[in-house]
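In: I would like to see how this sequence folds:
(one chain, ligands or ions: 1)
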Amino acid sequence: MCGIIGYIGIKPEEILYQGLERLEYRGYDSSGMTIQRDNDFVTYKSIGDVKKIKNQIVFKDEFGIGIAHTRWATHGKININNCHPHFSSNGNIALVHNGIIENYEELKEQLIKKGKKFEGETDSEVIAKLFENKLDINDIRRVKKKIKGSYALAIISKTSNCIYFAKNKSPLYIGIGENLAIIASDPTCFVGYTDNYITLDDNQYGRFSQKEIVIYDKDDKIVSIKPTKLDFKYLYEDRAGYEHYMIKEIYQSRLVLENIIEKYRTFEIKEKLKQIKSFEFDRIYLIGCGTAYHAGLIGQHYMREEFNIDIFSEIASEVKYKNLNIDEKSLCIFISQSGETADTLSALEYCREKGGKIISITNAEHSSISRHADINLPIYAGQEKAVASTKAYFAQCIVLYILTCFLKGKDYITPLYYFKRQIDFGDDNEIKLLSEYLSKYDKVFFIGRGVDYISALEASLKLKEITYIFSTAQPSGELKHGIIALIDENIPVIVIATDEELFSKTLNNSYEIKARGGKLILFTSLNIDNEIKENFSYIIKINKTQKEFMPLQVILQLQKLAYFTAKDRGNDPDMPRNLAKSVTVE
Ligand code: M6R
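Out: I've put the predicted structure just below:
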């Protein structure tokens, strides 16, 4: 993963640092910046989130050329030596890289044989060491021919007056303003500076100065430049008085629902839905990673209720290896908050090659996944900053509900209005009591049946990613086929039960756990008598709403449970260890 930015103009330190803040969702293991002025470099590097580098930087109002990087470690430990920018052997050329160089070991061996020394272990440093004394477009061509894999590169030298770049399979954009130019992994870095930007395609490379941009295609031909207008805002979302983004984002779910209701009654969105309806298909695939995959499972649940065709949900990283029956009759729906997840993008390309119709559901209309789709359905969740996805999951499920209703010819506005009034965030004090209890355990299991099992999967992912408590989710009927062997008095089991018809079976499975010493916690919308209540150490009551929305109603409180438990364990819920918000490597 990682985010890169390069800039030419006045106040480079300020603009690059602000860019790093905007790119931090791509990784926060370390950050670095190199500024070229008067034929010399000044470099800053720091471990941890980007705030850590701020104190080191000497901010200047003068003109300068600079590059910066925020890292999510793939090759090599999190230390200063592996922190970008990396340098050529003589230190005259500096480079930042996002992506993975697949043949870096082979190249490194060759370079070591030639006497080159390496400071760190990254694949990116190998690219830097492929450069010699000078930097011109021929050097970019030469190096590009040697490296295999994914890359977005920004490269400067001590003497040049421009930034060189190259792109393959990692996003890269150039913002063009008056007397300034910015290159970055995400066009949000341009907001506030320029409204014009170029989206680079795979295999393009070139250079830009304040006055001129030259882009070459894979055949080394100059590409004509057609800038696009930035049609989105970078809304700096502060925490609005909340201690963390995650809790603020959970509470934004109602607002997100309002946005979706408003947008999904407009002509523009209805036209998109009509176009999807006009496609001929006899199979639907819902594809995503992590939480987006879970949203796909909810979508599959909705669609199976309504349509008598095959509907599959797939983990994006597995799609290419499953011999799926994808052809022109397949409607392939890709779900991604960021719209940049490499596994999802790669599955999309695979389905496109197989002839599938490509729909995306994203929270970033300018993203790679949105651009590669035939039709993009936005989720209008606003920026989601916490790594743990909460309001985006909520929004993805709502959009999948709308799509199902539209394809079926059913009204979706009225039910959503009702749901808006019934949304239940629960009682913080009640959830806090439970989180205090859970935070002392090192394993927590979740069980559920039917759609409650999907909520169990999502709740378990949320809990483990920010609390670091080991957690698994199981269909409640599956326990006795193996998992029950793990149950003892040290494992709290969270039972999710919102479906009246399945309740008695789920209850029986809970008693099987209780009989083996497991501690039971119940999240339910059902009315239960005192005799049943006695079996549970905690019961969290969820307000009933239309059955399609019960998974959303229950997840709000389970998201909060993960949040408060992470806090109780002294973790930063917004920036869990080892993770990044956007996963741009396969
Ligand atoms: O941006 P995407 O929705 O494609 O991201 C997919 C997953 O990486 C993401 O949902 C991840 O599982 C979250 N951190 C879960 O909270």
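In: May I have the beta-bridge partners of T70?
Out: Note on T70: beta-bridge partners by DSSP bridges are G3, S31.
In: Low-confidence stretches in the stretch 301-450 of the chain?
Out: Nowhere does the stretch 301-450 of the chain drop to pLDDT under 70.
In: List the contacts of L135.
Out: N92, I93, I155, I156, S157, S160, Y164 (CB atoms under 8 Å, 6 or more residues apart in numbering). C-beta here means a position set from N, CA and C on the backbone, and glycine is covered the same way.
In: What sits closest to the first one if chain neighbours are left out?
Out: Here the nearest residue to N92 in space, its sequence neighbours aside, is K158; by CB to CB, 6 or more residues apart in numbering that works out to 4.9 Å.
In: neighbours of the one you found, just the number please.
Out: Neighbourhood size, K158 [other CB atoms under 10 Å]: 18.
In: Equivalent analysis for N543, please.
Out: 14.
In: N133: neighbour count?
Out: So N133, with other CB under 10 Å, has 12 neighbours.
In: domain assignment for this protein?
Out: What automatic domain parsing lists as the domains of the chain is 3-234, 245-422, 428-568.
In: quick one on the thing from earlier: mind checking which of the contacts of L135 are in strands?
Out: With strands taken from DSSP state E, the overlap with these comprises I93, I155, I156, S157, Y164.
In: Once you drop chain neighbours, what's closest to the fourth one?
Out: Okay, so that is S157. In space, S157 is closest to L135, 3.9 Å off (CB to CB, 6+ apart).
In: circling back to that earlier point, any idea which of the contacts of L135 is the one closest to the ligand?
Out: Nearest to the ligand out of the contacts of L135 is I155 (CB to the nearest ligand atom; 28.1 Å).
In: How about the residues of the stretch 301-450 of the chain by the ligand?
Out: Contacts of the stretch 301-450 of the chain with the ligand, taken as CB under 6 Å from any ligand atom, map to S336, Q337, S338, T341, T344, V387, A388, S389.
In: any idea of the mean pLDDT in the helix or strand hosting Q559?
Out: In the assignment (DSSP states H and E), Q559 maps to helix 550-568. Mean pLDDT, computed over helix 550-568, is 98.
In: Tell me how far the residue in the stretch 1-150 of the chain that the ligand sits nearest to lies from G19.
Out: Per CB to the nearest ligand atom, the residue of the stretch 1-150 of the chain with the smallest distance to the ligand is Y25, at 9.3 Å. Y25 is 12 Å from G19, where distance means CB to CB, to the nearest Å.
In: And the residue of the stretch 151-300 of the chain that's closest to the ligand?
Out: For the stretch 151-300 of the chain, CB to the nearest ligand atom, closest residue to the ligand: G290, 1.9 Å.
In: Please verify my assumption that that residue contacts K462.
Out: No - applying CB atoms under 8 Å, one finds G290 not in contact with K462, separated by 10.1 Å.
In: Tell me which of those two has more neighbours.
Out: More crowded of G290 and K462, by other CB under 10 Å: K462, with 28 against 22.
In: pretty sure that one contacts A386?
Out: No - in terms of CB under 8 Å, K462 does not count as a neighbour of A386; the distance is 10.5 Å.
In: tell me which parts of this protein are close to the ligand?
Out: 289-292, 336-338, 341, 344, 387-389, 461, 465, 582-583.
In: Between those, which sits nearest the ligand?
Out: Set against the ligand, the nearest of those by CB to the nearest ligand atom is G290 (1.9 Å).
In: Now that closest one: closest residue in space, sequence neighbours ignored.
Out: L461 (6.5 Å).
In: how big is the angle separating the helix or strand containing the one you found from helix 550-568?
Out: Using DSSP H and E, L461 falls within helix 451-467. Relative orientation of helix 451-467 and helix 550-568, computed by axes from the mean of the first three to the mean of the last three CA atoms, to 10 degrees: 20 degrees.
In: May I have helix 451-467 exported as PDB, CA atoms only?
Out: Coordinates of each C-alpha in helix 451-467 appear next as PDB, following Å, rounded to 0.1, in the frame of the first residue of the first chain:
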ATOM      1  CA  VAL A 451     -28.800 -13.500   8.500                       C
ATOM      2  CA  ASP A 452     -27.700 -13.200  12.200                       C
ATOM      3  CA  TYR A 453     -24.700 -15.300  11.200                       C
ATOM      4  CA  ILE A 454     -23.600 -12.500   8.700                       C
ATOM      5  CA  SER A 455     -23.900 -10.000  11.600                       C
ATOM      6  CA  ALA A 456     -21.800 -12.300  13.700                       C
ATOM      7  CA  LEU A 457     -19.100 -12.400  11.000                       C
ATOM      8  CA  GLU A 458     -19.000  -8.600  10.800                       C
ATOM      9  CA  ALA A 459     -19.100  -8.100  14.500                       C
ATOM     10  CA  SER A 460     -16.300 -10.500  15.000                       C
ATOM     11  CA  LEU A 461     -14.200  -8.800  12.400                       C
ATOM     12  CA  LYS A 462     -14.800  -5.400  14.000                       C
ATOM     13  CA  LEU A 463     -13.900  -6.700  17.400                       C
ATOM     14  CA  LYS A 464     -10.600  -8.500  16.400                       C
ATOM     15  CA  GLU A 465      -9.300  -5.700  14.200                       C
ATOM     16  CA  ILE A 466      -9.400  -3.000  16.900                       C
ATOM     17  CA  THR A 467      -9.200  -4.900  20.200                       C
END
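In: Could you name the helices and strands sitting against that helix?
Out: Packing partners of helix 451-467 (3 or more CB pairs under 8 Å, 6 or more residues apart in numbering; DSSP states H and E): helix 290-306, strand 443-448, strand 470-475, strand 492-497, helix 550-568.
In: For the third one, buried residues please.
Out: Applying a neighbour-count criterion of 16 or more other CB atoms under 10 Å, one finds S471, A473, Q474, P475 buried in strand 470-475.
In: Can you tell me which of these lies closest to D327?
Out: Closest to D327 out of those is P475 (31.2 Å), distances taken as CB to CB.
In: Partner strands of the worst-scoring helix or strand of the chain on mean pLDDT and their direction?
Out: Taking mean pLDDT, DSSP states H and E as the measure, the chain has strand 228-229 as its least confident helix or strand, at a mean of 88. Strand 228-229 sits in its sheet next to strand 196-199 (antiparallel), going by DSSP bridges.
In: neighbouring contacts of the helix or strand just after the partner strand?
Out: Reading on from strand 196-199 to the C-terminus, the next helix or strand found by DSSP H and E is strand 205-208. Residues from elsewhere that reach strand 205-208 (CB under 8 Å, 6+ apart): 8, 137, 140-141, 144, 162-167, 174, 181, 183, 213-216.
In: Cool, thanks, talk later.
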